[in-house]
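sequence first, then the predicted structure, then my questions.
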Amino acid sequence: MRAMVIEKYGKYPLQLADIPKPAVDDHEVLVEIHAASVNPLDLLVRDGKLRVLLKYDMPHVLGYDFSGVVIQAGRKVTRFKVGDEVFGRPSKGGAFAEFISVNEDDIAIKPRNLTFEEASSIPLVGLTSYQVLHEKLKLKAGQKVLIQAGSGGVGTFAIQLAKAMGLYVATTTSEAGAKLVESLGADRIINYKTEQFDTLLQGYDAVFDTKGGETLEKAFKIVKEQGQIVSVVGPPNARFGKEERVGFVKTNLLRLVARKITKLEKKYKVKYSFLFMKPSGRQLEILSEWIESEKIKPVIDRVFPFEDTQKAMEYSESGRAKGKIVVKIK
């Protein structure tokens, strides 16, 4: 089968390769992929920035969400059959290819009202948003949350989910993205190019950080005492290491990497957490209900043909996309 692979870590172009079709074990299905989408995770893995947590054999196929049709089911698969249209977030990547084998617990039936391209844009950003807002922050209706980079792939989904939960949502974006985030329901829109969110906002219950760095550090100023910050790009800390049982050595390494954030936690009396999203077909089923009832809709910036996957990666890296970037494979 054809696949887009990396042969070593670093900012090297993806290579189109002919590799064996993946084998299928008892609890897996083989899916013919129709579409996949590009995420910041692809760039982080490509550059080797997650090697402490994830280490892959080379060559490695990137791509962390997809949609397609089941063409083979393992002997013990009970939830899916040949011909089912599905979407999902594979735990080990592999979606920039013509076929993928994936555990049945990591996928769900594709929402009926979405195309394959639209459905492929949902799993990673949808699960990330759900796990941050529902599982980590456990926010209730009426509470206030800042969602960074509202016009990006995660932001466009997270705003809609937060509004469906009854939250008050502030977000940052450029002037070009303001109308989009307003249409998604954002209550307070901050132009990050001309305004400083940390001087305009205060007393927030939570921050959903998708930027990291100095932006993450400033977020501590706007959260009230005992509030929370969850980042999907900021440094994993020792708490994450203990929760994920990465071992004594790696946990202490994470403690060292996150020492500046830990000092801010203590100074502002705010809890900081790092989320590394986990695949979940059951949670995708929940998201499908919201999508089919049209409470949440996919936001797609651009669709690239499979042969132009490298251009899709470059466009993602430019930071100009408003919504998701999709690769059409079939």
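Done, it's in. Numbering: from 1, shown residues only.

count of neighbours near Pro22?
18 (other CB atoms under 10 Å). Quick note: C-beta positions are derived from backbone N, CA and C, even for glycine.

give me phi/psi at Lys242?
In terms of degrees, to the nearest 10, the main-chain angles of Lys242 are phi -70, psi -40.

name the nearest residue to it, ignoring sequence neighbours.
Distance criterion CB to CB, 6 or more residues apart in numbering; nearest residue to Lys242, sequence neighbours excluded, is Thr251 at 6.0 Å.

in the helix or strand the one you found falls within, which residues are buried?
Taking DSSP states H and E as the definition, Thr251 sits inside helix 248-257. Within helix 248-257, the residues that count as buried by 16 or more other CB atoms under 10 Å are Lys250, Thr251, Leu253, Leu254, Arg255.

save these as JSON lines, and put in pLDDT and distance to Met277 too.
Shown next, in JSON lines, are those (pLDDT from 0 to 100; distance: CB to CB, whole Å):
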{"residue": "Lys250", "pLDDT": "81", "distance to Met277": "19"}
{"residue": "Thr251", "pLDDT": "85", "distance to Met277": "20"}
{"residue": "Leu253", "pLDDT": "82", "distance to Met277": "21"}
{"residue": "Leu254", "pLDDT": "82", "distance to Met277": "17"}
{"residue": "Arg255", "pLDDT": "83", "distance to Met277": "22"}
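
quick check, nearest of those residues to Lys211?
The nearest member of the buried residues of helix 248-257 to Lys211, counting by CB to CB, is Leu254 at 19.6 Å.

alpha carbons only: can I get stretch 313-325 in CSV?
Provided in CSV are the C-alpha atoms of stretch 313-325 (Å, rounded to 0.1, in the frame of the first residue of the first chain):
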residue,chain,number,x,y,z
MET,A,313,2.0,19.5,6.9
GLU,A,314,3.7,22.8,5.8
TYR,A,315,0.4,24.6,5.8
SER,A,316,-0.3,23.3,9.3
GLU,A,317,3.2,24.5,10.4
SER,A,318,2.5,28.0,9.0
GLY,A,319,-0.2,28.6,11.7
ARG,A,320,-2.5,30.2,9.1
ALA,A,321,-5.2,27.5,9.1
LYS,A,322,-8.7,28.3,10.4
GLY,A,323,-10.1,25.0,11.5
LYS,A,324,-8.8,21.6,10.4
ILE,A,325,-6.5,20.5,7.5
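
Tyr12 touches Ile6, doesn't it?
Yes - judged on CB atoms under 8 Å, Tyr12 makes contact with Ile6 at a distance of 6.6 Å.

who's more crowded, those two?
Set side by side, Tyr12 and Ile6 show more neighbours around Ile6, with 23 against 12, by other CB under 10 Å.

nearest spatial neighbour of Val232, chain-adjacent residues omitted?
That would be Leu275: by CB to CB, 6+ apart, it lies 5.3 Å from Val232.

same thing with Thr156?
Val299 (4.0 Å).

so the nearest residue to Lys271 once chain neighbours are set aside bridges to which residues?
Once flanking residues are discounted, Lys271 sits nearest to Gln228: 4.8 Å by CB to CB, 6+ apart. Here Gln228 sits in beta bridges with Ala206, Lys271, going by DSSP bridges.

any idea how far Gln228 is from Met4?
37 Å (CB to CB, to the nearest Å).

between those two, which has more neighbouring residues?
More neighbours surround Met4 than the other of Gln228 and Met4, with 26 against 21 (other CB under 10 Å).
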